[in-house]
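In: What follows is a predicted structure for the sequence shown.
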Amino acid sequence: MRLDIRIIYLLLRLLGLLPLRALHAIGAGLGRLSLWRRSGPAHYSEVNLRIVRRGLDASARAGLLREIMIESGKSITELAKIWGGGAERALGLIREVRGIELFDAALASDKGVIIAAPHLGCWELLNYWLCSRTAMAILYRPPRIGAVEALLRKVRGALAPEQVRADGAGVRTLYKRLAAGGTVGILPDQKPRAGEGEFAPFFGRDALTMVLLPRLAARTGATVLYAFAERLPRGEGYRVHILPAPEGLADADLGVACTALNRGVEHCVERAFAQYQWHYKRYSADDRTSPYDNESAIDGGG
């Protein structure tokens, strides 16, 4: 690893010695600071709130936005605990797993398992838990800074999933793994490139939605489950949730399938609303219709 990446790794190890409660307190402070400065993430989160929680008055929306930014800050600082202390110690922070019987049954079926893991809660800890139960491949886009990939391999250690690049060869690898009864993980709310997705409702407004996951499910017959690791209050740890996929996710009609895909994400988000990555610009398809740069576009679409 490069020297700067080694230094970052050392800092993660040192910060990982702090209690989770302390790291979350620091993260909460960062979130409040981001809100006070009216940062980009705070702005994007506010726009998304105005779209998905139209019925809230200004005061209620401001309170929810503050909660969202606090949880966003925690999601950054908790990585020191998840990455810095090693996978086994991180797994010790999981206090409960809900829906584990669904996961065990899916593995036992040998039909292949697709884990749809939204940008919700602590997905790095979820990766550890899943990989502690079974070998898994995840679809990913390489980080913009190449050296970061080496850091990720280092911190994830023995419980690192197989990383499959989001290209043609990578997709073929996923099909083969599922056909052999294996497990793959995909971010179901990852916005596809223009021309590579299908528009479907997400919290009441159309959003460009990936078609890869529904196609994988339809062509392989694999079981689709949703999963996320909920952050518990006061640094008490985490709760893993495993949920069944909505009906229609493997439908031949991509409009029906993508609507079901987004509905599954909504079901997860409603269980820990403030812990969703609301600063993700999910509703922007192009510069003309983006509500993040065009206030008049907030009430449009869908």
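Out: Cool, got the structure.
In: contacts and neighbour counts: CA atoms only from here.
Out: OK.
In: Next up, the contacts around residue 21.
Out: Applying Cα atoms under 8 Å, 6 or more residues apart in numbering to residue 21 gives the contacts 234-236.
In: May I see the residues you listed organised as JSON lines, with distance to residue 277 added?
Out: Rendered in JSON lines, the data for these read as follows (distance: Cα to Cα, whole Å):
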{"residue": "234", "distance to residue 277": "20"}
{"residue": "235", "distance to residue 277": "19"}
{"residue": "236", "distance to residue 277": "21"}
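In: Neighbour-wise, give me the winner out of the residues you listed.
Out: Ranked by the number of neighbours (other Cα atoms under 10 Å), those place residue 235 first, at 17 neighbours.
In: how close does that residue get to residue 196?
Out: Between residue 235 and residue 196 the distance, using Cα to Cα, to the nearest Å, works out to 40 Å.
In: Now do residue 10: how many residues are near it, please.
Out: Neighbours of residue 10 under the rule other Cα under 10 Å: 13.
In: Using PDB, write out the CA atom coordinates for stretch 180-197.
Out: Once non-C-alpha atoms are left out, stretch 180-197 reads as follows in PDB (Å, rounded to 0.1, in the frame of the first residue of the first chain):
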ATOM      1  CA  ALA A 180     -24.100 -22.900  -9.000                       C
ATOM      2  CA  GLY A 181     -26.200 -22.100  -5.900                       C
ATOM      3  CA  GLY A 182     -24.000 -19.300  -4.700                       C
ATOM      4  CA  THR A 183     -24.700 -15.900  -3.100                       C
ATOM      5  CA  VAL A 184     -24.300 -12.500  -4.500                       C
ATOM      6  CA  GLY A 185     -24.900  -9.000  -3.100                       C
ATOM      7  CA  ILE A 186     -26.100  -6.000  -5.000                       C
ATOM      8  CA  LEU A 187     -27.100  -2.400  -4.000                       C
ATOM      9  CA  PRO A 188     -30.600  -2.300  -5.300                       C
ATOM     10  CA  ASP A 189     -30.800   1.500  -5.100                       C
ATOM     11  CA  GLN A 190     -27.600   2.100  -7.100                       C
ATOM     12  CA  LYS A 191     -28.700   4.500  -9.800                       C
ATOM     13  CA  PRO A 192     -27.800   3.100 -13.200                       C
ATOM     14  CA  ARG A 193     -26.300   5.100 -16.000                       C
ATOM     15  CA  ALA A 194     -28.700   6.800 -18.400                       C
ATOM     16  CA  GLY A 195     -30.100   4.300 -20.800                       C
ATOM     17  CA  GLU A 196     -29.300   1.300 -18.600                       C
ATOM     18  CA  GLY A 197     -32.300   1.400 -16.300                       C
END
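In: Before I go, just wanted to say thanks for your time.
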